[in-house]
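Student: Whatever this is, show me its structure:
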Amino acid sequence: MPETPAKPAAEKTAPKKTVAKKTATKKTAAKKATAKKTVTAKKTIAAKNATAKATAPAKKAAAKKATPARKRESRAAMVRRAHEINRELAELYPYAHPELDFTNPFELLVATVLSAQTTDLRVNQTTPRLFAVCPTPEDMAVIPPEQLEELIRPTGFFRAKAKSLIGLSVALRDRFGGEVPGRLEDLVTLPGVGRKTANVVLGNAFGVPGITVDTHFGRLARRFGWTTAQDAEKVEADVAAIFPESEWTMLSHRVVFHGRRVCHARKPACGACAIAPLCPSYGEGETDPEKAKKLLKYELGGQPGQRLKPPADYPGQPARPLAAS
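Tutor: Numbers count the residues shown, from 1 in each chain. Model prediction:
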């Protein structure tokens, strides 16, 4: 009679099935958990997108409130307003002047080249030593570059500026008899001299009308609605079409003065601005009068100006010389 298989042998295979079943269950659970996470993540992303969509109009509205909308005006109205602004600035700054110290065209030319990427104050603090060593183009044309670089180091970018100064001094010596030319077409041929520098020299050393478009002038011309251009030459052309030539040089000084003292790039002192009623950009800066007063600079803020030797009618204090290092 055949033997009945022993039960223990069958019982040995049972644990394997149980383990396999448990593993399958774990895999299924893991898949479900992963799927749940994916669904949750998708829901979160969808919720974020929905929130962003919902808040977008509010953000746009806030941005519109932050930047006042400009009213449309005719060309004639804009020109009238521009002339009113110029008259107000003339009353506010009757003492407006070039804020670089100079005694002759060569000194003004050199100082203007040095003023790139720095303040007029730093240039004015640097040029006394420079002009003591190099009072003429002939002197500057032959100075060792390393010595010139050291003399103008406080103004920054001193290597490039030294190269320009030596180059323009050589050109003045060899092509213009050591004299600064009084024509725009000649000045712009000198190394390191563009239209802005040329107009500064022509307007203030030769009495030739010119509009000086630096960062301050360009910023205010756009805020005043005189131009929408970013290019300096286009700004110059747009503004020149609004004002007579006789106003160009003093207009430049007044606008730059206002830009440095009141209508700053980051936070204009709108609440302390004398031409606020005429400005289409009023509200871009601080409108509270007391807070705005604290933003005023130079003589309007009770601080020294930028020139060590300002004109006699300047109401503020002279700037301080460069501290000895």
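
Student: Now do the strands in this protein.
Tutor: Taking DSSP state E as the criterion, the chain carries no strands.

Student: need the contact list for the nearest residue to Leu190 once chain neighbours are set aside.
Tutor: Distance criterion Cβ to Cβ, 6 or more residues apart in numbering; nearest residue to Leu190, sequence neighbours excluded, is Leu168 at 4.1 Å. Heads up, the C-betas are built off the backbone N, CA and C, glycines and all. Counting by Cβ atoms under 8 Å, 6 or more residues apart in numbering, Leu168 makes contact with 109, 113, 137, 190-193.

Student: hmm, 10 Å instead?
Tutor: By Cβ atoms under 10 Å, 6 or more residues apart in numbering, the contact set of Leu168 is 106, 109-110, 113, 137, 140-141, 180, 187, 189-193, 197.

Student: With Glu84 instead?
Tutor: Applying Cβ under 10 Å, 6+ apart, we find Glu84 in contact with 275, 277-278.

Student: Which of the contacts of Leu168 fall in helices?
Tutor: 106, 109-110, 113, 137, 140-141, 187, 197 (DSSP state H).

Student: Max pairwise distance over these: which two?
Tutor: Using Cβ to Cβ, the two most remote members of the ones in helices among the contacts of Leu168 are Ala141 and Thr197, lying 18.5 Å apart.

Student: Tell me which of the two has more neighbours.
Tutor: Thr197 (22 against 19; other Cβ atoms under 10 Å).

Student: right, and the more buried one touches Pro105 too?
Tutor: No - the pair Thr197 / Pro105 is not scored as a contact, 11.9 Å apart, by Cβ atoms under 10 Å.

Student: circling back: just the buried subset of the contacts of Leu168, written out for PyMOL, thanks.
Tutor: Entered in PyMOL, the line below selects the buried ones among the contacts of Leu168, by 16 or more other Cβ atoms under 10 Å:
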select buried, resi 106+109+110+113+137+140+141+180+187+190+192+193+197
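
Student: For Arg80, state which of the contacts of Leu168 is nearest.
Tutor: For these, the nearest to Arg80 is Thr197 (32.1 Å; Cβ to Cβ).

Student: Quick check: the gap between Glu277 and Cys270.
Tutor: Small correction: residue 277 is Pro, not Glu. Distance from Pro277 to Cys270, counting by Cβ to Cβ, to the nearest Å: 11 Å.

Student: Enumerate every residue touching Glu179.
Tutor: Counted by Cβ under 10 Å, 6+ apart, Glu179 has contacts 105-106, 137, 172-173.

Student: Likewise for Asp313?
Tutor: By Cβ under 10 Å, 6+ apart, the contact list for Asp313 reads 94-95, 97.

Student: how near is it to Val262?
Tutor: 20 Å.

Student: How about Glu286?
Tutor: Taking Cβ to Cβ as the measure, Glu286 and Val262 are separated by 11 Å.

Student: Could you list the low-confidence segments of the chain?
Tutor: For the chain, applying pLDDT under 70 flags the ranges 1-71, 324-325.

Student: what about the helices in it?
Tutor: 7-66, 75-92, 105-114, 120-133, 137-142, 145-152, 158-175, 184-187, 195-205, 215-223, 232-240, 248-261, 289-293.

Student: Which secondary structure elements does the fifth one sit against?
Tutor: Contact partners of helix 137-142 among helices and strands, from 3 or more Cβ pairs under 10 Å, 6 or more residues apart in numbering; DSSP states H and E: helix 105-114, helix 120-133, helix 158-175.

Student: Off-centre distance for it?
Tutor: Averaging C-alpha positions (Cα atoms, centre = their mean, to the nearest Å) puts helix 137-142 34 Å from its chain's average.

Student: Kindly report the same for stretch 121-138.
Tutor: That offset, for stretch 121-138, works out to 27 Å (Cα atoms, centre = their mean).

Student: Return the set of buried residues in that stretch.
Tutor: Buried-residue list, stretch 121-138, by 16+ other Cβ under 10 Å: 121-127, 130-131, 134, 137.

Student: OK, contacts around Pro318?
Tutor: Going by Cβ under 10 Å, 6+ apart, the list of residues near Pro318 reads 101, 124, 304-310.

Student: right, I mislabeled it, should have said Glu73
Tutor: Glu73 makes contact with 79-81, 225, 280, according to Cβ under 10 Å, 6+ apart.

Student: Take the residues you listed and lay them out in a markdown table including neighbour count.
Tutor: Below are those laid out as a markdown table (neighbours: other Cβ atoms under 10 Å):
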| residue | neighbour count |
| --- | --- |
| Val79 | 15 |
| Arg80 | 13 |
| Arg81 | 19 |
| Gly225 | 19 |
| Pro280 | 16 |
